[in-house]
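Peer 1: Sequence first, then the predicted structure:
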Amino acid sequence: MGRRKRLCTTSTDIPIGSEIHEQSSEFSATDIPIEGDQSSAQKKVRGYTQKPETWNMSSSRKIVVTFNRFGKPVGDEGNELVQYLGTFVRMANHVGIDYDNWRKIPIQKKEDMYSMVKAKFVIHPTETSEIKKWILFSMGKNGGLGKVH
(Lines give C-alpha, C1' and ligand atoms only; values in the text may rest on other atoms or scores of the structure.)
Protein backbone atom coordinates (compact mmCIF):
# COMPACT_ATOMS: atom_id res chain seq x y z
CA MET A 1 0.00 0.00 0.00
CA GLY A 2 1.16 3.50 -0.71
CA ARG A 3 1.46 6.39 1.67
CA ARG A 4 -1.67 8.27 2.62
CA LYS A 5 -1.92 11.73 1.10
CA ARG A 6 -2.43 14.72 3.33
CA LEU A 7 -5.84 16.32 3.06
CA CYS A 8 -6.64 19.97 3.44
CA THR A 9 -8.71 20.24 6.62
CA THR A 10 -9.99 23.07 8.72
CA SER A 11 -11.12 23.44 12.31
CA THR A 12 -14.61 24.69 13.10
CA ASP A 13 -13.07 26.89 15.79
CA ILE A 14 -11.67 29.09 12.98
CA PRO A 15 -14.19 30.96 10.79
CA ILE A 16 -14.60 29.10 7.51
CA GLY A 17 -14.27 32.29 5.44
CA SER A 18 -10.69 32.77 6.61
CA GLU A 19 -7.93 31.37 4.46
CA ILE A 20 -6.28 29.36 7.26
CA HIS A 21 -6.13 25.68 6.39
CA GLU A 22 -3.95 22.99 7.88
CA GLN A 23 -2.52 19.92 6.26
CA SER A 24 -3.52 16.94 8.35
CA SER A 25 -3.14 13.22 8.19
CA GLU A 26 -4.77 11.62 11.21
CA PHE A 27 -4.25 8.04 10.06
CA SER A 28 -1.95 6.34 7.66
CA ALA A 29 -2.49 3.06 5.90
CA THR A 30 -0.16 1.37 8.38
CA ASP A 31 -2.27 2.48 11.38
CA ILE A 32 -5.19 0.23 10.45
CA PRO A 33 -4.79 -3.26 11.94
CA ILE A 34 -5.14 -6.16 9.55
CA GLU A 35 -7.08 -9.14 10.83
CA GLY A 36 -5.98 -12.70 10.15
CA ASP A 37 -2.67 -14.36 9.47
CA GLN A 38 -0.66 -12.91 6.60
CA SER A 39 0.90 -16.29 5.84
CA SER A 40 -2.43 -17.96 5.02
CA ALA A 41 -2.89 -19.34 1.52
CA GLN A 42 -6.19 -17.51 0.98
CA LYS A 43 -6.32 -15.12 -1.91
CA LYS A 44 -6.32 -11.49 -0.84
CA VAL A 45 -9.24 -9.53 -2.18
CA ARG A 46 -9.95 -5.90 -1.79
CA GLY A 47 -13.09 -5.25 0.23
CA TYR A 48 -15.35 -2.25 0.34
CA THR A 49 -13.78 1.06 1.20
CA GLN A 50 -14.56 1.80 4.85
CA LYS A 51 -12.86 5.20 5.38
CA PRO A 52 -12.29 4.91 9.16
CA GLU A 53 -10.06 8.00 9.15
CA THR A 54 -12.95 10.13 7.89
CA TRP A 55 -15.63 8.54 10.07
CA ASN A 56 -13.48 8.81 13.22
CA MET A 57 -12.43 12.39 12.55
CA SER A 58 -13.30 14.73 15.43
CA SER A 59 -16.41 16.85 15.01
CA SER A 60 -14.34 20.06 15.14
CA ARG A 61 -12.38 19.06 11.99
CA LYS A 62 -13.70 19.26 8.43
CA ILE A 63 -12.18 18.40 5.08
CA VAL A 64 -12.12 21.32 2.64
CA VAL A 65 -13.31 20.16 -0.80
CA THR A 66 -12.75 22.38 -3.81
CA PHE A 67 -15.25 22.16 -6.66
CA ASN A 68 -14.61 23.21 -10.25
CA ARG A 69 -16.88 25.47 -12.28
CA PHE A 70 -18.91 22.46 -13.42
CA GLY A 71 -19.85 21.52 -9.84
CA LYS A 72 -17.51 18.50 -9.59
CA PRO A 73 -15.03 17.94 -6.73
CA VAL A 74 -11.33 18.07 -7.60
CA GLY A 75 -8.11 16.97 -5.95
CA ASP A 76 -7.41 14.49 -3.18
CA GLU A 77 -10.13 16.03 -1.02
CA GLY A 78 -12.66 15.50 -3.83
CA ASN A 79 -11.64 11.86 -4.04
CA GLU A 80 -12.08 11.57 -0.26
CA LEU A 81 -15.61 13.01 -0.58
CA VAL A 82 -16.57 10.54 -3.31
CA GLN A 83 -15.29 7.58 -1.31
CA TYR A 84 -17.02 8.86 1.83
CA LEU A 85 -20.34 9.15 -0.03
CA GLY A 86 -19.98 5.53 -1.13
CA THR A 87 -19.49 4.32 2.44
CA PHE A 88 -22.18 6.63 3.76
CA VAL A 89 -25.03 5.33 1.62
CA ARG A 90 -24.05 1.69 2.11
CA MET A 91 -24.64 1.92 5.86
CA ALA A 92 -28.04 0.51 6.77
CA ASN A 93 -28.72 3.13 9.44
CA HIS A 94 -28.61 5.93 6.81
CA VAL A 95 -30.50 4.30 3.94
CA GLY A 96 -32.67 1.37 4.91
CA ILE A 97 -32.97 -1.78 2.87
CA ASP A 98 -36.66 -1.08 2.35
CA TYR A 99 -35.73 1.39 -0.44
CA ASP A 100 -34.84 -0.34 -3.68
CA ASN A 101 -34.59 2.89 -5.68
CA TRP A 102 -33.02 6.26 -4.86
CA ARG A 103 -36.14 8.07 -6.11
CA LYS A 104 -38.27 6.32 -3.47
CA ILE A 105 -36.28 7.79 -0.57
CA PRO A 106 -38.19 10.74 0.97
CA ILE A 107 -36.81 14.21 0.28
CA GLN A 108 -36.44 14.91 4.01
CA LYS A 109 -34.21 11.83 4.44
CA LYS A 110 -32.04 13.00 1.54
CA GLU A 111 -31.77 16.47 3.12
CA ASP A 112 -30.73 14.89 6.44
CA MET A 113 -28.08 12.85 4.67
CA TYR A 114 -26.80 15.96 2.89
CA SER A 115 -26.56 17.75 6.26
CA MET A 116 -24.50 14.86 7.63
CA VAL A 117 -22.11 15.15 4.67
CA LYS A 118 -21.75 18.89 5.33
CA ALA A 119 -20.84 18.05 8.95
CA LYS A 120 -17.64 16.37 7.68
CA PHE A 121 -16.84 18.48 4.61
CA VAL A 122 -16.55 22.18 3.79
CA ILE A 123 -17.49 23.17 0.26
CA HIS A 124 -15.05 25.67 -1.24
CA PRO A 125 -15.42 28.35 -2.63
CA THR A 126 -19.21 28.50 -2.20
CA GLU A 127 -22.06 26.04 -2.01
CA THR A 128 -24.36 26.12 -5.03
CA SER A 129 -27.44 24.20 -6.06
CA GLU A 130 -25.34 22.41 -8.71
CA ILE A 131 -22.94 21.13 -6.07
CA LYS A 132 -25.79 19.93 -3.87
CA LYS A 133 -27.40 18.26 -6.87
CA TRP A 134 -24.10 16.50 -7.70
CA ILE A 135 -23.68 15.24 -4.12
CA LEU A 136 -27.22 13.86 -4.00
CA PHE A 137 -26.77 12.32 -7.46
CA SER A 138 -23.52 10.72 -6.38
CA MET A 139 -25.14 9.28 -3.25
CA GLY A 140 -27.82 7.63 -5.38
CA LYS A 141 -25.27 6.31 -7.86
CA ASN A 142 -22.84 4.99 -5.21
CA GLY A 143 -25.55 3.34 -3.16
CA GLY A 144 -26.44 0.87 -5.87
CA LEU A 145 -30.10 1.78 -5.51
CA GLY A 146 -30.92 1.96 -9.20
CA LYS A 147 -31.81 4.97 -11.29
CA VAL A 148 -31.13 8.45 -9.98
CA HIS A 149 -33.28 11.51 -10.66
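Peer 2: Yep, that arrived.

Peer 1: what's Val122 sitting at in phi/psi?
Peer 2: With angles defined as degrees, to the nearest 10, Val122 sits at phi -110, psi 130.

Peer 1: contacting residues around it?
Peer 2: For Val122, the residues meeting the contact criterion (CB atoms under 8 Å, 6 or more residues apart in numbering) are Thr10, Ile16, Lys62, Ile63, Val64, Val65. Placement of C-beta: from N, CA and C, glycine included.

Peer 1: So the fifth one, which state does it fall into?
Peer 2: State at Val64, reduced to three classes by DSSP: H, G, I helix; E, B strand; the rest coil: strand.

Peer 1: shaky segments in this protein?
Peer 2: The chain contains residues with pLDDT under 70 at 1-4, 13-40, 46-49, 142-149.

Peer 1: the helices in it, which residues?
Peer 2: Listed from the start of the chain, the chain has helices (DSSP state H) covering 52-55, 75-90, 107-120, 129-142.

Peer 1: before we move on, the earlier item: Pro52: which of the contacts of Val122 is nearest?
Peer 2: The shortest approach to Pro52 among the contacts of Val122 belongs to Ile63, at 14.3 Å (CB to CB).

Peer 1: Need the residue closest to the centroid of the protein.
Peer 2: Computing the C-alpha centroid of the chain and ranking residues by CA atoms, centre = their mean puts Tyr84 first, at 2.1 Å.

Peer 1: tell me the contacts of that one?
Peer 2: Tyr84 makes contacts with Lys51, Thr54, Val117, Lys120, Phe121, as judged by CB under 8 Å, 6+ apart.

Peer 1: got the residues you listed as CSV, with neighbour count and distance to Asn101 columns?
Peer 2: Putting the contacts of Tyr84 into CSV (neighbours: other CB atoms under 10 Å; distance: CB to CB, whole Å) gives the following:
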residue, neighbour count, distance to Asn101
Lys51, 18, 25
Thr54, 21, 27
Val117, 19, 20
Lys120, 19, 26
Phe121, 22, 26
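
Peer 1: And for the nearest residue to Phe88 once chain neighbours are set aside, the neighbour number?
Peer 2: Spatial nearest neighbour of Phe88, chain neighbours left out: His94 (6.0 Å); criterion: CB to CB, 6 or more residues apart in numbering. By other CB atoms under 10 Å, 15 other residues sit near His94.
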